[in-house]
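coordinates for the following, if possible.
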Amino acid sequence: MNNPFENRTSSLTGPATDLLPVTPDDVNDLSEVAIALYVETGGLISLVTARNGVRSISVADNSILPVGTRRVNATGTTAAGIHAMVIA
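Numbering: from 1, shown residues only. Next comes the predicted model:
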């Protein structure tokens, strides 16, 4: 199978090379800083940005939130089906 990512340099401009499920947690960061979040079921998301800012934002179903994210907090998050878009 031809893999178009095999010799490609990863870039913040994308595309993401993997999608990781997110379990909101008030203490532990994601295993990798996400370049964006994909949200299946809309609601509020409380997150910690790549620059350590704490933010809360309302998103709709099937949203892509293009912000560097190190943590999705459990407290204040009502959205579900959250996935971290990452580059390896």
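
and the gap between the closest residue to Thr78 other than its chain neighbours and Asn28?
Nearest residue to Thr78, sequence neighbours excluded (CB to CB, 6 or more residues apart in numbering): Gly43, at 3.5 Å. (C-beta placed from N, C-alpha, C; glycine too.) Here the criterion is CB to CB, to the nearest Å. By it, Gly43 lies 21 Å from Asn28.

which one of these two has more residues nearby?
The residue with more neighbours, out of Gly43 and Asn28, is Gly43; 14 against 8, by other CB atoms under 10 Å.

wait, that one touches Ala80, no?
Yes. Applying CB atoms under 8 Å, one finds Gly43 in contact with Ala80, separated by 7.0 Å.

wait, Thr41 sits on Gly81?
Yes. Using CB under 8 Å, Thr41 is in contact with Gly81, at 5.1 Å.

so which residues of the chain form strands?
Using DSSP state E, the strands of the chain run over 18-21, 36-41, 43-49, 54-59, 63-65, 69-73, 80-86.
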